[in-house]
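**Student:** Sequence first, then the predicted structure:
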Amino acid sequence: MDTVATTAADGLTFRDATDADVDTLVALIESAYRGDSSRTGWTTEADILEGQRTDPEGVLEVIKSPDSRMLTVERDGAVVACCQLARRDAHAYFGMFAVSPALQGVGLGKVIIAEAERHAREAWGATEMHMVVVSVRNDLIAWYERRGYRRTGRMTPFPYGDERYGIPQRDDLRFELLVKELA
């Protein structure tokens, strides 16, 4: 794991999460995707999923894994975004991406995903970035496509009945694999 903090030109500080960040990160992820607070931003899943998006155990697992990191993004000392990066053979996996709803739509996401891709390419030698997105999230998939990700059509079932992933409000949810070449 790379634990060195870096500061971007726009005043963002990127660093690896620590155990002490778990509660803050869970609250951030939940606020970006679930409940009424998520409706402030555009990444809300509140209409398709209720319940939790993640939990302290899931975030801590990412922090502790030797082949992953939870990239934490701060501005003025406050955590404003995060994402999971995991090394998987020749590619990296990108997940748990969250930007504070109050700061969505101002370009932070572009900066953060670019930093994640840079790290995967330079530190791990990854040639591709993979992610899965709920297939009915057309606006989110379009955002990733504008960043160079392509839809693969490869679907995996949504884990209906496993409330660790939320409580589905529809019966047509699946995950689609999106891929971007990093070389």
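**Tutor:** Okay, I see it.
**Student:** Find the centremost residue of this protein, please.
**Tutor:** Phe97 (1.6 Å; C-alpha atoms, centre = their mean).
**Student:** So what touches stretch 133-140?
**Tutor:** 42-43, 45, 48-49, 141, 144, 155, 158, 170, 172-176, 178 (C-beta atoms under 8 Å, 6 or more residues apart in numbering). (C-beta placed from N, C-alpha, C; glycine too.)
**Student:** Just the buried ones among those, please.
**Tutor:** Among the contacts of stretch 133-140, those classed as buried by neighbour count (16 or more other C-beta atoms under 10 Å) are 43, 45, 48-49, 141, 144, 158, 173, 175-176, 178.
**Student:** pLDDT-wise, what's the bottom of these?
**Tutor:** Lowest in pLDDT among the buried ones among the contacts of stretch 133-140 is Thr43, which has 87.
**Student:** Tell me how far the closest residue in space to that residue that isn't next to it in sequence lies from Ile141.
**Tutor:** Leaving aside its sequence neighbours, Thr43 sits nearest to Ala32 (C-beta to C-beta, 6 or more residues apart in numbering; 5.4 Å). Relative to Ile141, Ala32 is positioned 16 Å away (criterion: C-beta to C-beta, to the nearest Å).
**Student:** and what of Gly35?
**Tutor:** Taking C-beta to C-beta, one finds Gly35 at 22 Å from Ile141.
**Student:** before we move on, the earlier item: farthest pair within the contacts of stretch 133-140?
**Tutor:** Using C-beta to C-beta, the contacts of stretch 133-140 reach their maximum pairwise distance at Trp42 and Met155, which is 23.6 Å.
**Student:** still on that earlier bit, mind putting the buried ones among the contacts of stretch 133-140 into TSV with distance to Ile113 and secondary structure?
**Tutor:** Listed next are the buried ones among the contacts of stretch 133-140 as TSV, based on distance: C-beta to C-beta, whole Å; DSSP: H, G, I helix; E, B strand; the rest coil:
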residue	distance to Ile113	secondary structure
Thr43	13	coil
Glu45	18	coil
Ile48	22	coil
Leu49	22	strand
Ile141	14	helix
Tyr144	8	helix
Phe158	23	coil
Leu173	23	coil
Phe175	18	strand
Glu176	17	strand
Leu178	12	strand
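**Student:** All good on my end, thank you.
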